[in-house]
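Trainee: following is a predicted model, sequence given first.
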Amino acid sequence: MFRKVLVLTALILGLLALEVQAAVINSTWDGGGDGRSWEDLYNWDPDIVPDNTITDTFVVTIDSNRIGIDEIEVGLQQPRTIDQLDCYGEVELQDWSPYWNELIFEEPNGLTNHGGLGIEGRNEFEINGNITNTNGAELYLLNLEINGNLYNHIEAIIEVEHEVFVIDANLENSGTIVSFPASQLWLDKTLHNTGQINLYGGLCGGDKTFDNDSIGLVKGFGEIYSDELFHNKGIIYAFGGALVAIITEGPFLNNGVLGNKPNASLHIKPNLFELPPDVNNQGTIEVNAGGGVTFDCNLNNEPNAVIKLLGGTLAATTITQSDDATFKGQGNITTNNLVIESDGSIQLTGPTKIFGNVQIDPNATLEISDGTTLITGQTVCNGTIHIKGGYLIPQGGLSGDCNIIWEPGTYTNPADFNLDGKVNFGDFAYFAETWLWQTELH
């Protein structure tokens, strides 16, 4: 019995001794070995390869400014675990393993970049922990999986090349994210943007919510994606080409601005394997010349929302204009049905083509001014068509109990035949001369 007590006491004392000896080691890169390998103990101060054990844990600093060189390249040949890593100056963290490799952080601070940091994976490289890109810092990500939250602070830049996956975590962007051609930034959870996302042919999105906040900006060409909820409260612009927003289970909500810059196109489309949900516009849609904004689904322009047709093409399966919503401008409208609900109105100010049917409900108004509006489909009007110095060509036919009002426009008048800005006997003389001249030819 006495011997068992002694053995138990010895075990307890041994464990207590281990706890007493456990220490947090502040490890700093000095490059005193080969100058590149994480595994060379002489590259570290103290001369110990940072890798947590039962007794010791490591807080690591890599700073090119400290040792007076332009850039530090650090190669990781095998999985390592540390508490946290802070990088300053110019640092390149590379995966040197021919197989799977990982760097694990056991503290919430994880990896913090204060300068210019590049993380480059070779095959399957995982960062397990949070990554923070501080104000003004630049972070370059290439072929990487991040199992933790990614934070990009104000005036900080993240550049994405090839494939970067943020697994089971969120992306909080207050700075700038740049997605290069053929790159992919994919998230398992929420992307919350209060900064700027610039796409140059890449993809940005994920399985959960794409939340572009009120001060957020997304622009460029490529793809943005959301599986559950796409909510735009800021600005999304197609620029330099086609920008495609893909939605699956939806919905797609717009409380901000959707639009295209000239000669670019914004396409809102559902996943090919899903039924297309309606898009409810509660903000502004701007459709500029040389391109357009298209919806492979129904578009509902809700009360207090705005559609600005600025010379481009607006397309949707069905477009419904609600009461107290604004829809004005000139350009092209392509739809199966353009529906103006009761007490709603659309103002077309200049040459416009509507490819599809038009339905004007009771007490609704289609206003046409200063140009010709051509409707290729059937026009069913039980409300009002108000023409101000313009023309309507209902090419597909006009039916219904329609109230048609005509009056001179502010800038044009169909009776001003000689185009001198005045309506008088000179116009009558011009008309008579032209009519008589044409009659003599026949």
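Mentor: Arrived safely, thanks for sending. Residues are numbered from 1 along each chain as shown.
Trainee: geometric centre of this structure: which residue is closest?
Mentor: Val218 (4.2 Å; C-alpha atoms, centre = their mean).
Trainee: quick check: beta-bridge partners of that one?
Mentor: Counting by DSSP bridges, Val218 forms beta bridges with Ile197, Ile236.
Trainee: right, and Glu124 touches Leu144 too?
Mentor: No - using C-beta atoms under 8 Å as the test, Glu124 is too far from Leu144 to be in contact (9.5 Å). For the C-beta atoms, the positions are set from N, CA and C on the backbone; glycine is no exception.
Trainee: who's more crowded, the two?
Mentor: Shown here are Glu124 and Leu144; by other C-beta atoms under 10 Å, Leu144 has more neighbours (22 against 14).
Trainee: do you know how far that one is from Glu120?
Mentor: Distance, Leu144 to Glu120, using C-beta to C-beta, to the nearest Å: 8 Å.
Trainee: and for Val59?
Mentor: 23 Å.
Trainee: list the buried residues for stretch 51-69?
Mentor: Across stretch 51-69, burial judged by 16 or more other C-beta atoms under 10 Å covers Asp51, Asn52, Thr57, Phe58, Val59, Val60, Thr61, Ile62, Asp63, Ser64.
Trainee: any idea how far it is from the chain center?
Mentor: How far stretch 51-69 lies from its chain's middle: 37 Å, per C-alpha atoms, centre = their mean, to the nearest Å.
Trainee: that one: end-to-end distance?
Mentor: 25 Å (C-alpha to C-alpha, to the nearest Å).
Trainee: check stretch 362-381 too.
Mentor: Terminal-residue distance, stretch 362-381 (C-alpha to C-alpha): 8 Å.
Trainee: can you give me the mean pLDDT across that stretch?
Mentor: In this model, stretch 362-381 has an average pLDDT of 96.
Trainee: likewise for stretch 229-248?
Mentor: Averaged across stretch 229-248, pLDDT comes to 94.
Trainee: you'd agree Glu120 is up against Leu93?
Mentor: Yes - between Glu120 and Leu93 there is a contact under C-beta under 8 Å: 7.2 Å.
Trainee: please say which of these two ends up with more neighbours.
Mentor: Leu93 (25 against 18).
Trainee: those strands in the stretch 1-150 of the chain, which residues are they?
Mentor: Counting by DSSP state E, counting those that start in this stretch, one finds strands in the stretch 1-150 of the chain at the ranges 23-29, 44-45, 56-63, 72-76, 80-82, 84-88, 90-95, 100-105, 111-113, 116-120, 124-128, 131-133, 138-147, 150-152.
Trainee: mind listing residues that contact the second one?
Mentor: Pointing back at strand 44-45 there. Ser27, Thr28, Trp29, Asp30, Gly32, Pro50 (C-beta atoms under 8 Å, 6 or more residues apart in numbering).
Trainee: now do the fourth one
Mentor: By C-beta under 8 Å, 6+ apart, the residues outside strand 72-76 that reach it are 29, 31, 36-38, 62, 64, 89-97, 101, 103.
Trainee: try the fifth one
Mentor: Counting by C-beta under 8 Å, 6+ apart, the neighbours of strand 80-82 from elsewhere in the structure are 27, 38, 49-52, 57-60, 103-106.
Trainee: go with 10 Å
Mentor: 25, 27, 38-39, 49-53, 57-60, 101-107, 110-111, 128-129 (C-beta atoms under 10 Å, 6 or more residues apart in numbering).
Trainee: quick revisit: tell me the contacts of the residue nearest to the centre of the chain?
Mentor: When contacts are counted by C-beta under 10 Å, 6+ apart, Val218 touches 177, 193, 195-199, 204, 210, 212, 224, 232, 234-239, 243, 245, 256, 258.
Trainee: returning to what we had before: where do the contact lists of Leu144 and Glu120 overlap?
Mentor: Leu93, Asp95, Glu161, His162.
Trainee: could those residues be laid out in TSV, adding distance to Thr352 and pLDDT?
Mentor: Below are those laid out as TSV (distance: C-beta to C-beta, whole Å; pLDDT from 0 to 100):
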residue	distance to Thr352	pLDDT
Leu93	56	97
Asp95	57	96
Glu161	44	89
His162	45	86
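Trainee: now, the contacts of Val218 that are in strands?
Mentor: Of the contacts of Val218, the ones assigned to strands by DSSP state E are 177, 193, 196-199, 204, 210, 212, 224, 232, 235-239, 243, 245, 258.
Trainee: could you pull out the buried residues of stretch 124-134?
Mentor: Buried residues in stretch 124-134, defined by neighbour count with 16+ other C-beta under 10 Å: Phe125, Glu126, Ile127, Asn128, Gly129, Asn130, Ile131, Thr132, Asn133, Thr134.
Trainee: which of these sits closest to Tyr391?
Mentor: Nearest to Tyr391 among these, counting by C-beta to C-beta, is Asn133 at 57.4 Å.
Trainee: look up how far Leu117 lies from that closest one.
Mentor: Asn133 is 8 Å from Leu117, by C-beta to C-beta.
Trainee: also Ala315?
Mentor: The separation that Ala315 has from Leu117, given C-beta to C-beta, amounts to 43 Å.
Trainee: list the contacts for the residue lying closest to Pro394 once chain neighbours are set aside?
Mentor: Counting by C-beta to C-beta, 6 or more residues apart in numbering, Pro394 lies nearest to Thr379, which is 4.4 Å off, once chain neighbours are set aside. Thr379 makes contact with 338, 354, 357-360, 366, 385, 392-400, 402 under the criterion C-beta under 10 Å, 6+ apart.
Trainee: just the ones of these in helices?
Mentor: The members of the contacts of Thr379 all map outside helices under DSSP state H.
Trainee: just the buried residues of these.
Mentor: Listed as buried from the contacts of Thr379 are 338, 354, 357-360, 366, 385, 392, 394, 396, 398, 402; burial here means 16+ other C-beta under 10 Å.
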